[in-house]
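Student: test case, fold it:
(chains A and B)
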Amino acid sequence: MPTTITIDPLTRIEGHLDIEVTVDTVQGQPQVVSARSGGSMFRGFELILVGRDPRDAGIYTQRICGVCPVPHAMAACLTLDHAFGVTPPDNGRILRNLVLGANYIDSHLLHFYHLSVLDYIRTSGPPLDRPPWLPRYDVGDMVGSPTADTLAQHYVSALQMRRKAHQMGALFGGKLPHVGSFVVGGCTEIATAEKITAFRSLLTDIRNFITDVYLPDALLLASLFPNYYQLGRGPGNLLAFGAFDLNASGTSKLFPAGRYTDSASGSFDAAQILEQVTYSWYTDASGNKNPAQGVTQPYADKPAGYSWCKAPRYANKPHELGPLARMWLCGEYNHGISAMDRIVARAREAKKLADAMDGWLNGLVPGAASYAPSSIPQQATAMGLTEAPRGGLGHWMDITNSHISRYQVVTPSAWNASPQDNLSQLGPIEAGLMGVPVADTTQPIEVIRVVHSFDPCMACAVHVIRPGERVGESRVLIRGGVTGAQKV
Amino acid sequence: MRILRRDFLKLAAAAAAAARLAPAALAALKDVLQARDAPRVIWLQGAGCDGCAVSLLNSINYASVDDLLVNTLDVRFQNNVMAAAGDLAVGAAEAARVQPGYILVVEGAIPTGASGKYCRLWPGLSMADGLPLYAANAAYIIALGTCASYGGVSGGAPNPTTAKGVSQVIGNDPRLINVPGCPANPDWLVGTITYLLTNNQVPPLDANRRPLLYFGRRVHDDCFNRHKLCGQPVLAGQLSSDGCMEYLGCKGKKTYSDCPMRRWNSSGPGQFGVNWCIGARSPCLGCVNPTFPDGMSPFYVYSPTP
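Tutor: Residues are numbered from 1 along each chain as shown, chains lettered A, B, ... in the order given. Modelled structure (predicted):
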């Protein structure tokens, strides 16, 4: 007898995502036989931005997400740099990279220790033996003492390390979350010798933690749950927009743009991105368009719709974005594509990035200019591509009469949590859930683990929806969780 | 690694001193924390970005977040950190709600359009309905961040979801304290909770229900950029340079907060922050103001002369 489980919404993610899976027994094993990822909504930020001063774009778009604000600031500033025709001085480019890197490290530590690890451990003593860590699930394969106790202690020390990552980013960002220093033309903060030293001191502590604690813990988890190397594969296609410019022209990047489609590597061209809406609550006129021509007309009662996310596709195929894609495409990870590969690749990426950041500090010229003035163009069309911790991020902007006339944001979670497309191809999380065994449909922890491995950031997906029956059933920024198993 | 209660008290003493609490209040704080169970907290999130929750994770000056979570507070519902999901999580929130006397923290605005359907706490309960329900039994209500306090960016024009601040939904309730900011500085929240536990009453508030302790002085008056270079006012010619940025869009003259002194992202107990917006040579955005963002933007102006 098939059982439908609605997980709406999951906790320990950023924002809201509803997952509905049907579990049935196949060859004696209860497993997911269908999956729907119902992403949140139509984003109001694009409406809120229209008519505003283009220079303010980074201030607003950071507020899309308190967990990954810096990538939004970076994407907005890259877009504005192009539109205004200005190239930041080298110090400005490097400072932006360092602050973005600080946000990555914060986010990766947060993801592993504070959003994910609780899916795998059964703690019975301090420090996690009280609310908000109680009540919790208790599933057969969860690891108990003493491993759970060690990971719980590291949960606490990781809180301190991620705080240091934010402190590091604030040295050049002004504050975190939501930096003040990212502007068109560079970064307003100046890299003094004192600040460079302070940054390096924090970075050294964090690098030691990554090497001595985070990476070993990720590998430990992988050794305890090797079956998750076989689960959550998804479409098997990987895509990166590229990030962390290593030269002024952006032709060299720490993480290059690229793709891995149908088991073959290929180049990346943003013109190949099309957003589909066949199963999304938007009019057909909103579909089959590149974000540069993006149209967003809600259609709440669309019969086939089940998500407020559009379905972005590259060359008409679903692709996974994120640390695994970046590490795969830069040639430093090729173990496999799975839930556990995502966790391990994320940890390895944290180390690679933190090591690179130490080198970038050497490229700063103390006291040198980091900002180049420019003026607002009357008309412009521009695009800014970068990578958030959880995958490629794009902003597209039109400027008319020196004001924003159109703004489109496509987030990595829009790709990973997308619904089916015009060819009825599943989105990456949906595809990743197919075949996942579920031992206890009242505690579908296996489903939650696979979803968490993608690190979905649905706070990035929201803020405006149209009234409608389904809205009342599906919408929320953040909250709740598994509503329990409902027998069909 | 577990932090002992006496360590918290030590930290809290330093913190309270920094927050200018009297010695008698310190003794009271110690009594309160030793005599009682940890204060229960229910944290509801509406239309926001989670940034205020992430900001609390940066707490260290008054008390570290691990200390707050592990030893000090009894957080019954907080979506980003709680282990439970679904029915288990909702059950925890409901069980806490029926016992009056908790601190209700509200993060994010309350979308009131479409009968509240834009934002739902869990199946069957919209944020717009959940706020009064959970406010009913609260000892205190803290609207955390500018979205929860006044609508904030979530209510930016054209405000398609009719997003409102807490006071616009439940009125100027005597238990309500607005702790705005985009995000709110963690010290403002921890200091406010400390005040509540110590004094068992809301702190002195301004007309916008903000604690005067943190929002009582104008940014411009305490800003180091105002009288740089031998006390002579210097105007910044462009972003990223020294001097007052009033003519570059800085909202320091319209904004009351202790950012110039407190700064952001503190490095340790009793430590002020490592930087702040103006410290990074960028203008104050006026993010703690009730009219943020519409009344505070455009944020940048390129006219470096009066």
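
Student: and the strands in the stretch 151-300 of chain B?
Tutor: Taking DSSP state E, counting those that start in this stretch, the strands of the stretch 151-300 of chain B run over residues B:163-164, B:176-179, B:264-266, B:273-275.

Student: how deep is residue B:99 tucked in, by neighbour count?
Tutor: Per other C-beta atoms under 10 Å in any protein chain shown, the neighbour tally for residue B:99 reads 10. In this view, the C-beta of every residue, glycine as well, is placed from N, C-alpha and C.

Student: that one and chain A: what is the separation?
Tutor: Using C-beta to the nearest C-beta, to the nearest Å, we find residue B:99 at a distance of 13 Å from chain A.

Student: would you confirm that that residue contacts residue B:42?
Tutor: No. Applying C-beta atoms under 8 Å as the test, residue B:99 and residue B:42 come out as separate, 10.3 Å apart.

Student: which neighbours do those two share?
Tutor: With contacts defined as C-beta atoms under 8 Å, 6 or more residues apart in numbering or on different chains, no residue is adjacent to both residue B:99 and residue B:42.

Student: contacting residues around residue B:149?
Tutor: Taking C-beta under 8 Å, 6+ apart, we find residue B:149 in contact with B:143, B:165, B:166, B:167, B:178, B:179, B:180, B:208, B:209, B:210, B:290.

Student: related to what we said a few turns ago, tabulate the strands of the stretch 151-300 of chain B (CSV), appending mean pLDDT.
Tutor: Supplementary listing: the strands of the stretch 151-300 of chain B in CSV, determined by pLDDT from 0 to 100:
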stretch, mean pLDDT
strand B:163-164, 94
strand B:176-179, 98
strand B:264-266, 98
strand B:273-275, 97
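
Student: for the ones you listed, which one sits closest to residue B:107?
Tutor: strand B:176-179 (10.1 Å; C-beta to C-beta).

Student: pick out the residue nearest the middle of chain A.
Tutor: Centre of chain A computed as the mean C-alpha position; nearest residue by C-alpha atoms, centre = their mean is residue A:390, 2.6 Å away.

Student: for chain B, what is the nearest residue in the stretch 251-400 of chain A?
Tutor: When distances are taken as C-beta to the nearest C-beta, the stretch 251-400 of chain A approaches chain B most closely through residue A:371, which lies 3.8 Å from it.

Student: can you count the residues close to that residue?
Tutor: Residue A:371: 26 surrounding residues under other C-beta under 10 Å.

Student: dump the strands of the stretch 151-300 of chain B into a markdown table; add mean neighbour count and distance to residue B:155 as well.
Tutor: Below are the strands of the stretch 151-300 of chain B laid out as a markdown table (neighbours: other C-beta atoms under 10 Å in any protein chain shown; distance: least, C-beta to C-beta, whole Å):
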| stretch | mean neighbour count | distance to residue B:155 |
| --- | --- | --- |
| strand B:163-164 | 28 | 4 |
| strand B:176-179 | 26 | 14 |
| strand B:264-266 | 28 | 24 |
| strand B:273-275 | 24 | 27 |
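
Student: same list (the ones you listed) but as TSV, adding distance to residue B:76.
Tutor: Output for these, formatted as TSV (distance: least, C-beta to C-beta, whole Å):
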stretch	distance to residue B:76
strand B:163-164	25
strand B:176-179	20
strand B:264-266	27
strand B:273-275	30
